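Chemist: give me a 3D structure for the following:
(2 chains)
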Amino acid sequence: MRSIRTRTEALVLLLFCAACSTGVGPPIGEDRPGDPQRGGVLRTAFFTDVRGLDAATAFDTAASALESLIYDGLVSYDDQGKIVPVLAERIDVSPDGKRYVFPLRRGVTFHDGSELTAADVKRSMERALHVKTPCPVPSYYERVVGYAAYHDGKAEELVGVKVEGDYQIAIELSEPDATFLHIMALPIVAPVCKSAGRVWERTFASQPCGAGPFKVTRYENGQIIKLVRHEGYWDKGKPYLDGVDWYLSMQSFTQRFKFDQGDIDYIRELSEADSLLYRTTPAWRGRGEWEPSLTTGGTFMNTEMPPFDNRHVRRAVSYAIDREQLAGVRPGHVRAHAKMVPNVLIAPEPEYPQQRFDYATALEEMRLAGYAYDPKTGQGGYPHEIPYLAILDSYAQTAAEIYQQQLAKIGIRIKIQVVGWPTFLAKTGRRKTAQMGFSGWHADFPDPSTFFEPILATKSIQDEESQNAAFFSNKELDDVLDRARRSTSTDERKALYRRAEAIVADEAPWATTYTYSYLELWHPYLHGYRPHPVLSQHVRNAWIDAGQKKLARRGARGLPFLDRLVQSGSKHARTTLALAESGGSR
Amino acid sequence: MLAYLGRRLLWSFFTIWAVVTATFFIYNVLPEDPARVIAGPQARPADVARIRTQLGLDRPVHIRYARYMTGLVSLKKPPADAKDDGAWKLGPVRIDLGVSYLKRKPVTTLLAKALPPTLLVGFLALAIEVAIGAAAGMLAAMKRHGFLDYGTVALTLVGISAPTFLTGLLLQHFLARELRLFPLDGYGQTSAEQLHSAMLPALTLGLYGAAYYTRLVRDEMITLLKEDYIRTARAKGQSEWLVVIRHALRNALMPLVTVVGLSMGSLVGGAIVTEKIFRWPGIGSLSVDAIVERDGPVIMGVVILFSSVVVAANFLVDLSYAVLDPRVRRR
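Modeler: As a prediction, this is how the structure comes out:
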């Protein structure tokens, strides 16, 4: 009787252990590189919902990933992140950099079967920039001749966009703009079908139609977007996939469960804990890649408010932050980074002294500012507590706690105020309101200008809604940025942006401290995918090894609970049952 | 009687108006700019200003309020060539809740789509909690001071204390991930798929509610089982099960019915956490997304729907009092 009872207890214990185990499943399939295969449906998910799929209005990260599958633009990025023509055959730029001519490919068809012409390109641009279109970023195109009159509703057409026959479009700019091709690569101005009309209508968002490799067959908010291959796609033989199923609003733990089961082929939005779990699981070692980061994060200091109206205090803050400590809190995801521009965009170069942790110099800067601090006695420093604005449930909140400890060592006491995004934007954008807080920026497009002009140029200062939260104004920086934007010389632009970095490091309106990156994982049967240097979740060239995928389906039919019981749980089983056999003497 | 009903009806409309007005002003005086949320955190000021104008957010708050209220309920007919704006039409009355800032769809369309999933899960959860609550409460009362009673009391304590996000995750882990009895999340396309997918969120909510109902029924049954008529029934030689089910349980369920009736209104409000865990496209998910993204028209729409249902339920209760109780009719 005792033996039976002990065996039962052992079995219950075993079942419990197996059920509670939360280890990750192994990769499904094997790496068998070969020629791309056509067929199969790629399945993946977003944590968020997608606001819409109208190219002219949807500009969030989630929508952009889908739009890159539905719409093709005149230009886009190759695998190295370099601008290349797509629907255009080539790009001709006038010597003064003010006129761009795009001869179009012949035989490009929209999802509805109609042929793409230059008139469609002009119509699509006018539709996106129309006064009634709720486009979030029309001002990106303000240098197109006639933009202001057209966008204000004073002109019938966008005169700077010229149709030159059926297959050529020319765009004239009011002044040279080195970022122009980047903004032409945004889905905002991608050609859309004639059904989209000349003026924006909200119904198009649920029936999007473009000239990209996939077309939408099902779109349910908060549930799923189903795409199928556009059979008339201009790039013959592509895409390889029959379709893409993109689940929406899926919690990160559910994504992980589905990925384990092979119900999702590719995953990006892992929780910190799950990311660590995969990285420490031997079967997954060496798999997956970090998405190149086009972000910079740190802390802004309002240069119009004390004590940050004193440059020495700002520099003291920059010297006092040990950026490696920030990275240590979330290894892998967070990397120490002390410049405005991410390394992906400009070749890495040595940091400026102000961007390195140097405690002694930080104390010296505090002394020069008139707030000398004695670490031994804790006497001195800035006499008032400084409110620090951080964003709820973000890494910014964690970083703020680290800053709080580090800055206390030089006599700056900060009080963290955690708020939601909308409140954060409202407070930091109002003049003389927020002394200090989180600062972060994601590239609007992959050009260094995007990390300076919107956030540190004098022209971006406003009394309300200021993007320049530091309210930083520096004539030399303005001049350098202006010259860099107009320049058509790559070398000259690089030199100018290095100068801009040096000015920001010296004046320290921001203490840049880290970049944030996502770990991307995919099962071995998925080929042709690697994180793109510019485009997030760019799966258009992916293909699926059908034979290996069958393994996934077979695996998905099994019960992980029983699998673990039989396989990975066998060690537990042997130990526990052996214990039971011995009479449970322990 | 008519005067009484008239007064109740007026109070009902006043209550809805007060809730709508309070919500509108609370939402609009917050130092947050929906245009900035729509445009994105990195949008340029000129673009934010344009969106603010397009949405009419550049007008003073009292003008916006007047425009909202006049658009909300109106008798005017839309032009013959006007496109469908999704407004609800009750005879000559049009109810227009506006268009979502972010999803750019009529709020009425969003609510009409979210309501059936919420009701499906709500009624399933209600059935689960009543069934479990009645059965477990009855058994615990019958075996008072026994293992079953203590076990039930302990379990109900856990059930009441455990937040739904914990219960939901555990159920998802064991029943969907490990045993593959239900889908991990989602809604499904066919009715069968939807019913299958609804089981986990319904169980999550149902177990939570069942803990309350178990305690309610148990306490009621313990009192009733001491009553004279129960002793008489036993003395007549009826079996214990027959006595309990026919005489005690029926009476013990009366307070349960009252509580269930009162909780019907909250079903429409959706279950915010549970719906998010299981990616259930109901009112709860819609509300969370709207609040996070400051989607004013959707927030207002949800508040109006919820308050209207609660007020209507109360009105019906008042009406039933008037029918049942002559003293109320004479007031």
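Chemist: and the residue in the stretch 1-150 of chain B that chain A sits nearest to, its phi and psi?
Modeler: Of all residues in the stretch 1-150 of chain B, B:E32 sits closest to chain A, at 3.5 Å by CB to the nearest CB. For the C-beta atoms, the positions are set from N, CA and C on the backbone; glycine is no exception. Main-chain torsions, B:E32, degrees, to the nearest 10: phi -130, psi 150.
Chemist: so what pLDDT did A:L15 get?
Modeler: Turning to A:L15, the model gives it a pLDDT of 50.
Chemist: re the thing from before, what's near enough to touch the residue of the stretch 1-150 of chain B closest to chain A?
Modeler: B:E32 sits next to A:420, A:422-423, A:425-426, B:294 when contact means CB atoms under 8 Å, 6 or more residues apart in numbering or on different chains.
Chemist: okay, who's weakest in the residues you listed by pLDDT?
Modeler: Checked by pLDDT, these have A:P422 as the lowest-scoring entry (76).
Chemist: give me the mean pLDDT for stretch A:248-264.
Modeler: 91.
Chemist: re the thing from before, how much space separates the residue of the stretch 1-150 of chain B closest to chain A from B:R231?
Modeler: For B:E32, the distance to B:R231 equals 65 Å [CB to CB, to the nearest Å].
Chemist: and the stretch 101-250 of chain B, which residues reach chain A?
Modeler: Where proximity means CB under 8 Å from any CB of the partner chain, the interface of the stretch 101-250 of chain B facing chain A comprises B:102-105, B:110, B:169, B:172-174, B:176-180, B:184-187.
Chemist: now list the buried members of those.
Modeler: Under a neighbour-count criterion of 16 or more other CB atoms under 10 Å in any protein chain shown, the subset of these counted as buried comprises B:102-105, B:110, B:169, B:172-173, B:176-178, B:180, B:184-187.
Chemist: give me the low-pLDDT residue ranges for chain B?
Modeler: Counting by pLDDT under 70, chain B contains low-confidence ranges at B:78-85, B:262, B:264-270, B:324-331.
Chemist: in it, what residue spans correspond to strands?
Modeler: For chain B, applying DSSP state E gives strands covering B:73-74, B:88-90, B:93-95.
Chemist: residue of the stretch 151-300 of chain A nearest chain B, please.
Modeler: With CB to the nearest CB, the shortest gap between the stretch 151-300 of chain A and chain B falls at A:R202, namely 4.4 Å.
Chemist: burial count for that residue?
Modeler: Here the count is done by other CB atoms under 10 Å in any protein chain shown, and A:R202 has 17 residues near it.
Chemist: contacts only, for B:V20.
Modeler: Taking CB under 8 Å, 6+ apart as the criterion, B:V20 is in contact with B:69, B:72, B:300, B:303-304, B:307.
Chemist: how about B:Q172?
Modeler: Contacts for B:Q172 (CB under 8 Å, 6+ apart) come out as A:254, A:257, B:184-185, B:200, B:277-278.
Chemist: who wins on neighbours among the residues you listed?
Modeler: Of all the contacts of B:Q172, B:F278 has the most neighbours under the rule other CB under 10 Å, reaching 31 neighbours.
Chemist: nearest residue to residue 33 other than its sequence neighbours?
Modeler: With no chain named, the answer covers chain A. Spatial nearest neighbour of A:P33, excluding adjacent residues (CB to CB, 6 or more residues apart in numbering or on different chains): A:H527 at 7.0 Å.
Chemist: chain B is the one I meant
Modeler: The shortest distance from B:D33 to any non-neighbouring residue, by CB to CB, 6+ apart, is to A:A426 (6.0 Å).
Chemist: so the residue in the stretch 51-200 of chain B that chain A sits nearest to versus A:V159, what's the distance?
Modeler: As assessed by CB to the nearest CB, chain A sits closest to B:E178 within the stretch 51-200 of chain B, at 3.9 Å. As defined by CB to CB, B:E178 lies at a distance of 64 Å from A:V159.
Chemist: among the residues of the stretch 101-250 of chain B next to chain A, name the ones in helices.
Modeler: B:110, B:169 (DSSP state H).
Chemist: hmm, back to that, need the strands of chain B in JSON lines with mean neighbour count, can you?
Modeler: Shown next, in JSON lines, are the strands of chain B (neighbours: other CB atoms under 10 Å in any protein chain shown):
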{"stretch": "strand B:73-74", "mean neighbour count": "14"}
{"stretch": "strand B:88-90", "mean neighbour count": "11"}
{"stretch": "strand B:93-95", "mean neighbour count": "15"}
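Chemist: export those to CSV and tack on distance to chain A?
Modeler: Compiled in CSV, those are given as follows (distance: least, CB to the nearest CB, whole Å):
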stretch, distance to chain A
strand B:73-74, 21
strand B:88-90, 18
strand B:93-95, 19
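Chemist: pop out the phi and psi values for A:P36.
Modeler: phi -60, psi 140.
Chemist: you'd agree it is up against A:H527?
Modeler: Yes - between A:P36 and A:H527 there is a contact under CB atoms under 8 Å: 7.0 Å.
Chemist: which one's more surrounded, the two?
Modeler: Each of A:P36 and A:H527 had its neighbours counted (other CB under 10 Å), and the higher figure belongs to A:H527 (22 against 16).
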